[in-house]
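*Asks:* what follows is a protein structure lacking sequence information:
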């Protein structure tokens, strides 16, 4: 199992960026789910959570309507999201960069300026042992509402596993 290791200055929040292809389906789902988990645990101030895209096709757009609907069916609000492209210049400030498939992870590692930044890039499913063998979260963009629900379920399980790893250190003020 891959573990997220908070490190650094305890005064600063642990910074997580979820990155998918267009920042309108998978990464907004994970951002909303992790933010909800942090809020429920009283740790919202200990985490800085964002999402972004490897591509620039949807910059400024809201999340895909099917994403918003899948989130709503699960009790989340995804209506405030606006897509943006990942800026490789943000690597030094980020603690963890989470990709949804191997192609995105490869792109992100290529954008990194060194080994330390490359090691910040992880696949989301690595955090959930029962899903880790799948490696990639499927992109639901060209699919139906049912696929959006299934993808959200995978994202919830993996994001919850990630949060379970981060929460003890966050509660102790360790970053």
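*Replies:* Ah, there it is. Every value quoted in this text rests on a predicted model; they were computed, and no experiment measured them. Numbers count the residues shown, from 1 in each chain.
*Asks:* so where do the strands sit in the protein?
*Replies:* For the chain, the strands defined by DSSP state E cover 14-20, 47-53, 96-99, 121-123.
*Asks:* reformat these as TSV; add mean neighbour count.
*Replies:* Using the backbone N, CA and C atoms, a C-beta is placed for each residue, glycine as well. Formatted as TSV, the strands of the chain follow (neighbours: other CB atoms under 10 Å):
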stretch	mean neighbour count
strand 14-20	25
strand 47-53	21
strand 96-99	26
strand 121-123	21
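*Asks:* which stretch among these comes nearest residue 132?
*Replies:* Ranking the strands of the chain by proximity to residue 132 (CB to CB) places strand 121-123 first, at 8.2 Å.
*Asks:* shaky segments in the protein?
*Replies:* Counting by pLDDT under 70, the chain has low-confidence residues at 1-11, 174-175.
*Asks:* neighbours around residue 146, how many?
*Replies:* By other CB atoms under 10 Å, the residues close to residue 146 number 10.
*Asks:* and it, how far from residue 21?
*Replies:* Using CB to CB, to the nearest Å, we find residue 146 at a distance of 20 Å from residue 21.
*Asks:* that concludes my questions; thank you for your assistance.
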